[in-house]
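Asker: Sequence and predicted model, in that order:
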Amino acid sequence: MSTPVPARANAPERYYNYAYLDEQTKRMIRRSILKALAIPGYQVPFGSREMPVPYGWGTGGIQLTAAIIGPDDVYKCIDQGADDTTNAVSIRRFFANVADVATTEDTGEATIIQTRHRIPEKPLKAGQVLIYQVPQPEPLRGLEARETETRAMHAYEEYGLQYVSLYENISAYGRIAATAGYPVMVEERYLMSPSPIPKFDNPKMAQNEAVMLFGAGREKRIYAVPPFTRVRSLDFEDYPFETQTWEETCALCGAKDSYLDEVILDDAGDKMFVCSDSHHCAERRAAGHVGPMAGHTLDQDAALKEPAQ
Amino acid sequence: MSVATLDLSRIAPAFADPVRESQAVFREVMECMARPGRITRFDRAPQAPTGLGQAAGAVALTLFDFETLVWLDPALADSEAEAWLRFHCGCPLTVQAQDAAFAIVTDMAKAPNLAVFNQGDAKYPDRSTTVILQVASLEGGPTVTLSGPGIQTTTDIAPQGLPQDFWTQIETNQAQFQFGVDVLLVAGDQLLALPRTTTAQIKGG
């Protein structure tokens, strides 16, 4: 009795189509992507399918990836900047399995980067596609609940309400309080939600060299920002747009200019600030950059080198 | 538009591996739509029947299906190309330019004005027609400078065999944004995209 040879991942006897979606669904999504690129910032309705993860886990981004991915792609998936969180690992394994692609944590070598709530620190380049997972594609939804109304507001460029909302922020808090999902204007025409990325990342959207696609699975919308497109974060002349800054540096790699996450270490309130972009941080540490808490047990590479004593 | 039974013996083959090949074609079309003026080649796409080039055929096989109403140039009526599209894509055909999701124009001498196609709805500008114009060549014609989203500064193209007033039509099309058609220029196995956001300036014009 010979042991059965396990089917290769791309063998024809697999039970699903290449990249999970059927071809007709891919064509429908592909047509939506082309229209989204032709009308930057405009939300194209599409026939979102049920995916093997619940809504809210990145079904929009997964469907976009499935519609464009090919066997020559190198796929990276991040969640809040990190390659090693549960959702990112699961989605990466999903595409390694259903699309036979190479996966990577290296921002530079990836051709498709699917992201939840961050833009990588390393500047993207031509040939890369950044796919955002979007929970709520409609920037005006918090101000106007009816889709019929918000669609008309976009159609007639009726964005006064958004500015009133920002103004109310200033009168209440003395500043524009939004820190994530900060609304942007694309090519001075369509108001767009950048997805819940920190406003720290907003400036990276403007004139970016990569193709940026946004997918909202539950809300059934696709939108896009082509490369070299004007993307402006809303502000007022006397209250200009500002990004977050930190007095701390990354505890592990010492980075002064990256987006930092605050990590509580114990019940005594000790904490550390670390780069949210895990690959950026690892790359800096590998290059010899040292932060004030380098070698901490949360520094995975150091932990691997020196087993716990 | 005949409803006669298709003569299968006269229908040329399409993609040998539809899944992989349509993905590869789409990625190129997507990059072209994202970067207007960028020229791509589909030299490994199947030979389409007389009247259609490799690029036009590859785009059709990749994007057309039963959901897309296609306006086909009258020059292709009852041709092998029409039968090929009907068989491989299963796309319904229409003579109403206004209803078409896609249009294929091959006879430049009688090319309809871009304004006859669906320009989209104020609330749904994505419903406009994508017009595939098959011209003599994408090179060697008068130089036109493009700018707009997807183009860092400007980029030059020089397609040949376009209708005389084509760039005026593109100007009108661009000026009415968010309305407008999106154009794919194809010649043989080559393709470039002119989405409605692109501004064109004839050099020296």
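Answerer: Done, it's in. This one's a predicted model, so the numbers in the text were calculated from it and none came from an experiment. Numbering: from 1, shown residues only, chains lettered A, B, ... in the order given.
Asker: Report the secondary structure state of residue A:213.
Answerer: Of the three states, residue A:213 takes strand under DSSP: H, G, I helix; E, B strand; the rest coil.
Asker: what's the burial count for it?
Answerer: 30 (other C-beta atoms under 10 Å in any protein chain shown). Every C-beta, even on glycine, is put in place using the N, C-alpha and C of the backbone.
Asker: Give me the pLDDT value at it.
Answerer: With respect to pLDDT, residue A:213 scores 98.
Asker: List the beta-bridge partners for it.
Answerer: When bridges are called by DSSP bridges, residue A:213 pairs up with residue A:131, residue A:224.
Asker: Scan chain B for its longest helix.
Answerer: When every helix of chain B is counted residue by residue (DSSP state H), the longest turns out to be helix B:18-34.
Asker: in that one, what's buried?
Answerer: Neighbour counts using 16 or more other C-beta atoms under 10 Å in any protein chain shown place B:21-34 of helix B:18-34 among the buried residues.
Asker: Next up, the contacts around residue 157.
Answerer: Here I'm looking at chain A. Counting by C-beta atoms under 8 Å, 6 or more residues apart in numbering or on different chains, residue A:157 touches residue A:189.
Asker: oops, I was thinking of chain B
Answerer: Contacts of residue B:157 (C-beta under 8 Å, 6+ apart): B:37, B:39, B:138, B:143-144, B:146, B:192.
Asker: Endpoints of stretch B:166-183, how far apart?
Answerer: Length of stretch B:166-183, first residue to last, C-alpha to C-alpha, to the nearest Å: 11 Å.
Asker: Which residues outside it are in contact with it?
Answerer: Contacts of stretch B:166-183 (C-beta under 8 Å, 6+ apart): A:34-35, A:38-39, A:42, A:155, A:189-190, B:33, B:113-115, B:117-120, B:122, B:125, B:128-133, B:144, B:148, B:163, B:193-200, B:202, B:205.
Asker: Could you write me a ChimeraX select line covering just the buried ones among these?
Answerer: Buried residues among those (16+ other C-beta under 10 Å), as a ChimeraX selection:
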select /A:34,35,38,39,42,189,190 /B:33,114,117,118,119,120,125,128,129,130,131,132,133,144,148,163,193,194,195,196,197,198,199,200
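Asker: where along chain B do the helices fall?
Answerer: Taking DSSP H as the criterion, chain B carries its helices at B:18-34, B:54-63, B:80-89, B:166-175.
Asker: can those helices go into a markdown table with extra columns for mean pLDDT?
Answerer: Shown next, in a markdown table, are the helices of chain B (pLDDT from 0 to 100):
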| stretch | mean pLDDT |
| --- | --- |
| helix B:18-34 | 97 |
| helix B:54-63 | 98 |
| helix B:80-89 | 95 |
| helix B:166-175 | 97 |
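Asker: out of those, which comes closest to residue A:167?
Answerer: Closest to residue A:167 of the helices of chain B is helix B:166-175 (C-beta to C-beta; 32.3 Å).
Asker: For residue A:177, grab the count of nearby residues.
Answerer: Residue A:177 has 12 neighbours, counted by other C-beta under 10 Å.
Asker: chain center to stretch A:199-209: distance?
Answerer: 12 Å (C-alpha atoms, centre = their mean, to the nearest Å).
Asker: and it, which residues are buried?
Answerer: By 16+ other C-beta under 10 Å, the buried positions in stretch A:199-209 come out as A:199-205, A:208.
Asker: can you give me the end-to-end distance of that stretch?
Answerer: End-to-end distance (C-alpha to C-alpha), stretch A:199-209: 19 Å.
Asker: who's in contact with that stretch?
Answerer: Stretch A:199-209 is contacted from outside by A:118-119, A:123-126, A:128, A:130, A:178-180, A:182, A:184, A:194, A:212, A:225, A:227-233, A:241, A:243-244, A:259, B:152, using C-beta under 8 Å, 6+ apart.
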